[in-house]
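1. Sequence isn't available, so here's the structure alone:
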């Protein structure tokens, strides 16, 4: 129960004014603009877009500025704004096989047609503070940094005679170019699919099923795969990272390999009712991850690899990988595996992924609970008094008995 606080309105107004002052900081220093946040803190912006469920870098940057850099608060702001937006319809499913790739790596096959495209990554950087960034203004790039302006593409001389080198069908083979937009590349896991060593990405007839919209309908357990993926993509990145880490450490029977990680621009199409055919309305940056996991087979399925799938807005590799790992763990029951760990429990995972819900539930403890606490306090006092009286009663009885003997 919440109770009104006398004088609270003025105190809250003053708290808001103080918050704005702290957010602005030293007025002698130039104010950080929304455009600067969007351009120079893109990974933070991408996280807010993912968990806020809105692909709009400008709004995500604005939310980050308003929240003083608190990503959870920014996600809350963007999620709340999302509820005010009109819904014009649903886009067609995006075709990530036609992605204009800027980064594409595989941990399962070294030599790929077109090579592995390193793109922009922190994977090979030394974790040392770069004090050159403290210098004001633009600084000249070092030679390695200038070279990195062109996308890093690891090429290998491939030949049909090379033993152990995977080969895509000739009609699917494309040449990778280091240009602003790269040509689409076929999926790496098709190499395993051609030999029947990995499960199909879609079950028969699954493409014809329209997935439920999680933002309009609540989750029902057991949840279908499309709903689970929606939930995980909106989920807190730190929580998903911890769950995926736990699943690999033995609390999920997970033995994954990074089949493919790719990021780049994907076309978005919409079918207007008055036209009846799809038109392209724009492009979005996406990161997609497919994990390969061991599977020992069942009565109905031969031994084969299984898939874990993750996708995220923007450049969000850690999020996409975490989603893929947790998504695979949640498939334990449908694959006939024993559900022994929290990472495999749908209700445990899906009920606790949302950082907005978690933040609200924890933060509400800061609100007044005076009446509730006073009732608890009074109950504790009564219990302690009753316990004290009960412990004193045997001593009095013993003294009376001793008096009678005398």
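-> Nice, thanks for sending it over. As the structure is a prediction and not an experimental result, all values here were calculated from the model.
2. can you pull the pLDDT of the closest residue to residue 351 other than its chain neighbours?
-> Counting by CB to CB, 6 or more residues apart in numbering, residue 219 is the residue found nearest to residue 351 once chain neighbours are left out, at 7.9 Å. Placement of C-beta: from N, CA and C, glycine included. Per-residue pLDDT puts residue 219 at 89.
3. With residue 160 instead?
-> We note a pLDDT of 35 for residue 160 in this prediction.
4. And for the one 3 residues further on?
-> What the model reports as pLDDT for residue 163 is 36.
5. before we move on, back to that, can you report how many residues lie near the residue nearest to residue 351?
-> Look at residue 219: counted by other CB atoms under 10 Å, it has 17 neighbours.
6. Can you give me the domain boundaries for the chain?
-> 8-82, 96-122+147-353 (automatic domain parsing).
7. Quick one: end-to-end length of stretch 291-305, please.
-> With CA to CA, to the nearest Å as the measure, stretch 291-305 spans 10 Å from end to end.
8. quick revisit: wait, the residue nearest to residue 351 touches residue 350, no?
-> Yes. When contacts are counted by CB atoms under 8 Å, residue 219 is listed as touching residue 350 (5.7 Å).
9. Between the two, which contacts overlap?
-> Both residue 219 and residue 350 are contacted by residue 231, under the criterion CB atoms under 8 Å, 6 or more residues apart in numbering.
10. returning to that earlier point: of the domains of the chain, which is nearest residue 376?
-> For these, proximity to residue 376 was assessed by CB to CB; domain 8-82 is nearest, at 22.9 Å.
11. pLDDT of the closest one, averaged?
-> Per-region confidence: domain 8-82 scores 94 on mean pLDDT.
12. what's near enough to touch the residue nearest to residue 351?
-> Applying CB under 8 Å, 6+ apart to residue 219 gives the contacts 227, 231, 350, 351.
13. again with residue 342
-> For residue 342, counting by CB under 8 Å, 6+ apart, the contacting residues are 243, 246, 251, 348, 349.
14. The third one against residue 339, yeah?
-> In other words, residue 251. No. Residue 251 is beyond contact range of residue 339, at 11.8 Å (criterion: CB under 8 Å).
15. Residue 201 reaches residue 307, doesn't it?
-> Yes. Assessed by CB under 8 Å, residue 201 is found in contact with residue 307 at 6.4 Å.
16. Spit out the residues that contact these two alike.
-> With contacts defined as CB under 8 Å, 6+ apart, the residues shared by residue 201 and residue 307 are residue 189.
17. what ranges do the helices span in the stretch 1-150 of the chain?
-> Here the stretch 1-150 of the chain has its helices, by DSSP state H, counting those that start in this stretch, at 8-24, 34-40, 42-52, 57-66, 71-82, 143-147.
18. In three-state terms, how would residue 185 be classified?
-> With DSSP: H, G, I helix; E, B strand; the rest coil as the basis, residue 185 sits in coil.
19. Now do residue 302: how many residues are near it, please.
-> If you count neighbours by other CB under 10 Å, residue 302 ends up with 10.
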